[in-house]
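K.L.:
I would like the atomic coordinates for the input below:
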Amino acid sequence: MSGQAHHHRSTQKSGNKGFKSKHASKGSLKAQNKGKVNRNKVSGASTAAQKRIDRRNASKIEQKKKRADLMMATRLFSGPNAPPKVVAIVPLCPDVDAFKVIRDLFAALEVEVPANINDGSPVLLPLLNFKQRLLLIPTPRTVPEILPHIQIADFMLPVMSATVEVDSIGDQAMSAIKSVGVPTILGGIVQHLENGPDPKTRDAIRKSLQSFLVAHFPTCDGRVYSIYDAPGLGIKDSMPLAHTEVSAFVRHVSGQIPKGSVWRDRHSYVLSEGVDFVETKEGEGVLKVVGHIRGEKLSANRLVYIPGFGEFQIQKITTCPIEKKDEIIEPAVLQVPDAELQDSLVAFNEPDPLDAEQTWPTEEELAEADARVAQLERRRARFGDDFDENMDMGEDDGDAADGTTGPKKRTVKAPKGTSSYQAAWIVDDDDEEDDSDDDDASDDEMKDGNASAHASDDEKDVEDEEYEEVELEDKQNDFDVDFNAADDARQYKNYLETKKRLDDADEDRQFPDEMETPRDIAARLRFQKYRGLKSFRTSPWDPYENLPIDYAKIFQFESFKKTKTRLIKDLEESEEGVDVGRRVIVWIEAVPKKVLEIITPKKPFVIFSLLPHENKITLSTISVHRVDEPGKDAPVIKSKDPLIMFIGFRRYEIRPIYSADSRSGSNNVHRYERYFHHDRNVIANFYGPIGFESEPVLLFKANENGGAPILVASGTLVPPTPNRIIAKRIMLTGHPFKIHKRSAVIRYMFFNPQDIEYFKPVQLTTKMGRIGHIKESLGTHGYMKCMFDEQLTASDTVCLSLYKRVFPKWNTRNWVEEFEVQKSSDMEA
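P.N.:
Residues are numbered from 1 along each chain as shown. Just a heads-up that it's a prediction; the model follows:
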């Protein structure tokens, strides 16, 4: 005990337990609980077990739901009355034949060949052993003609050659297919495999084509089928039997379930199996379309879209007539539209020009207008031909009334013997503040301590003896004394020649938004609709200022996201409509008779159902980028140039304007792009229909040499943004003529003093990062004195940026595949 160290206890308080009464009073219990509700405490083990049970139950429910969906999708294509699986046969090489693939399939399966197998129309192939049917659609080798087939196809079967590689058309086709959404790939078909020199080469070709498919379509298993029996070649020659290959292909197709696209499966669509037209009045009538319903349920209250002709209302939906032995069961009406719930065909508003606010001027405003007119008359009498209404004269307008029109005098304090020309270069104290001198002065004061900061009276007398007031003439007249117009014109011509002259697109890329000030018209008149911005990202700009009349026609959402969420939820919970997979007749009213010109047996005809409000016009916005190869042969795309747009299943001819795809500041201002270049993503705006899904967008440009349009860009549809301000920028450039410290004389930006006074409040910048402002005009030929934050270099360029909001034109229209119609009419002739 004695060896242990002595220590004090940590506290003086005792640790006695409090008294616990077996019979607590109601007041003590209430004070102890303080509003808490007693509940049974759940142990951690039981809570974990309950969570585990809930997770298992949720997984079972999800598993049952997936199984039900799988069984429904499987049964959708099974049975004698089930819709067929649509297979698009896409040729990727110039020497392959999609129609030969169909003939080889029928020959290998030993199925009766239909009569229309050689005219290029879709062919129905029955799979008797699997109780299914395949609708084989051969696609042409042009991208605009391939896309409508891909959009309705459940599966895609690419056809490749063993001797010729995939050409540029095949590459463009694959790029377009990836943009709109790739259907389920069934592998590939190889043709001309028998032309291989030896079995080893044929095996290498098949493996190469498998790698090609997997590289471009990763979800594909990569199997390549050869379905042609070459004479004299067999398995030992690496030429499998066609019957074996086709059997494996059919077994693979029958077990596949097509994966859908979100943008397509949100809509209901009908692939036509037959069309009838009943004319009700001259030029239009009722179009009856027979086919199976795909995608979502088809409601008679929704509008349907016919490619190339727009939106129409459904008259009714009926069943197809059924033949039973000697009798025919007449069609039954499944649904008729509800007059209160049916979507309207009104796509845009009709603005009333007299609906705007109209006010009568007050007496004060009338008096101000009279004073303004009198002031303009005095200025006109004073300046004569040089008069301009936009001249900034300030409040000094009384000299004209007194008859004193001489030049204004100004005095500068300068050393004795200084000429008026030298005194003109002396910078006033209010023009330039020398921070370094102030710092040195403050340091001297700290060192001297009690030294006085002001000069003595004797020093002032000496300064008065050394300096004098020099009277300066008006700088405009003084600067023009030695001005030579011929030399200035020659120098301006050399200045323009020093700039490399390129074509318009390359010049916009290297010198974006730069513009030469016109000499034949005043800049204040040429750019009177433009404004200056101190900050492009933060300077305020009212989005509802000076809107065109077209903005009164469009529809705008208060919250696009909430509207989309509510709309999709209502559609999922709605029970109205005809079920998917049922064969029906859709009666469409008020359809123009001209629609029969595009319905040909060689091309599938499809109608799509629209979601509510999707026919309304708004300021549509798409995010796109160039996909064609850059180079001299690449087409130049300028803002407002006509383009053909495939947006989902709809097709329009648009003239969009482009803007930078960048994060805007607090004012939502985005820079206008004059050209659509290859190396950047842009936002295109146009007046178009509303779309609630991120639908794929493909842009085509008309081929100048005739034929199919050329694919130039791809992208997606983004939510509409009517308040997006697209500001067109122009940069007026000038060249330093004389440089003195932070001041410089700039020329070639303007060519008269009135323009300089008009644009005087706008901030100047240079390409080397200097910031400045216009101080005053020198002479009468556009020379001006400017001040900058640092001294300029002789090779620098002075820029003045001006901005103007631009809007697209109201010129969007439906696009009809005119080249296809012309081609089919020529073939029939």
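K.L.:
What residues sit buried inside the longest strand seen in the chain?
P.N.:
Using DSSP state E, we find that the single longest strand of the chain is strand 725-740. By neighbour count on 16 or more other Cβ atoms under 10 Å, the buried set for strand 725-740 is 725-736, 739. No exception for glycine: its C-beta is placed from N, CA and C like everyone else's.
K.L.:
now, which of these sits nearest Phe527?
P.N.:
Among those, Ile730 lies closest to Phe527 (Cβ to Cβ), at 7.0 Å.
K.L.:
In contact with the closest residue to Pro114 other than its chain neighbours, which residues are there?
P.N.:
In space, and not counting its chain neighbours, Pro114 is closest to Val123: 5.9 Å by Cβ to Cβ, 6 or more residues apart in numbering. Val123 makes contacts with 102, 114, 116-117, 135-136, as judged by Cβ atoms under 8 Å, 6 or more residues apart in numbering.
K.L.:
before we move on, the earlier item: can you tell me which of the buried residues of strand 725-740 comes closest to Asn814?
P.N.:
Ile726 (25.1 Å).
K.L.:
Distance check, the closest one against Ala367.
P.N.:
40 Å (Cβ to Cβ, to the nearest Å).
K.L.:
before we move on, back to that, who does the longest strand of the chain touch, helix- and strand-wise?
P.N.:
Using 3 or more Cβ pairs under 8 Å, 6 or more residues apart in numbering; DSSP states H and E, the elements in contact with strand 725-740 are strand 514-515, strand 669-673, strand 743-747, strand 798-805.
K.L.:
Point out the most buried one among those strands.
P.N.:
strand 743-747 (a mean of 23; mean count of other Cβ atoms under 10 Å).
K.L.:
Let me know the average pLDDT across the very next helix or strand once past that strand.
P.N.:
Moving toward the C-terminus from strand 743-747, the next helix or strand (DSSP states H and E) is helix 753-758. Across helix 753-758, the average pLDDT comes to 91.
K.L.:
right, and the helix or strand after helix 753-758?
P.N.:
strand 764-766.
K.L.:
Check which helices and strands that next one sits against.
P.N.:
strand 771-778, strand 783-788, strand 798-805.
K.L.:
repeat that for 10 Å
P.N.:
On a contact count with 3 or more Cβ pairs under 10 Å, 6 or more residues apart in numbering; DSSP states H and E, strand 764-766 meets strand 725-740, strand 743-747, strand 771-778, strand 783-788, strand 798-805.
K.L.:
Now distance to Asp352 too, for those strands, in a markdown table please.
P.N.:
Listed next are the helices and strands packed on strand 764-766 as a markdown table, based on distance: least, Cβ to Cβ, whole Å:
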| stretch | distance to Asp352 |
| --- | --- |
| strand 725-740 | 26 |
| strand 743-747 | 50 |
| strand 771-778 | 45 |
| strand 783-788 | 48 |
| strand 798-805 | 24 |
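K.L.:
looking at those strands, which is closest to Arg302?
P.N.:
Here strand 725-740 is closest among the helices and strands packed on strand 764-766 (Cβ to Cβ), at 33.5 Å.
K.L.:
relative to strand 783-788, how tilted is the closest one?
P.N.:
Angle of strand 725-740 versus strand 783-788, following axes from the mean of the first three to the mean of the last three Cα atoms, to 10 degrees, is 100 degrees.
K.L.:
Strand 725-740 - which strands sit beside it in the sheet, and in what orientation?
P.N.:
strand 514-515 (parallel), strand 669-673 (parallel), strand 743-747 (antiparallel), strand 798-805 (antiparallel) (DSSP bridges).
K.L.:
The helix or strand immediately after the shortest one in the chain packs against which elements?
P.N.:
What that stands for is strand 514-515. Next along the chain after strand 514-515, taking DSSP H and E as the criterion, comes helix 523-526. Applying 3+ Cβ pairs under 10 Å, 6+ apart, we find helix 523-526 packed against helix 753-758.
K.L.:
what's the helix it packs on packed up against?
P.N.:
helix 523-526, strand 771-778, strand 783-788.
K.L.:
How much space separates Gly581 from Arg380?
P.N.:
Relative to Arg380, and taking Cβ to Cβ, Gly581 is found at 81 Å.
K.L.:
swap in Phe277?
P.N.:
70 Å.
K.L.:
which regions of the stretch 251-400 of the chain sit below the pLDDT cut-off?
P.N.:
Residues of the stretch 251-400 of the chain meeting the criterion pLDDT under 70: 325, 355-359, 382-400.
K.L.:
what's the nearest residue to Phe217 once chain neighbours are set aside in contact with, if anything?
P.N.:
The shortest distance from Phe217 to any non-neighbouring residue, by Cβ to Cβ, 6+ apart, is to Ile185 (4.9 Å). Counting by Cβ atoms under 10 Å, 6 or more residues apart in numbering, Ile185 touches 155-158, 177, 213-214, 216-223, 256.
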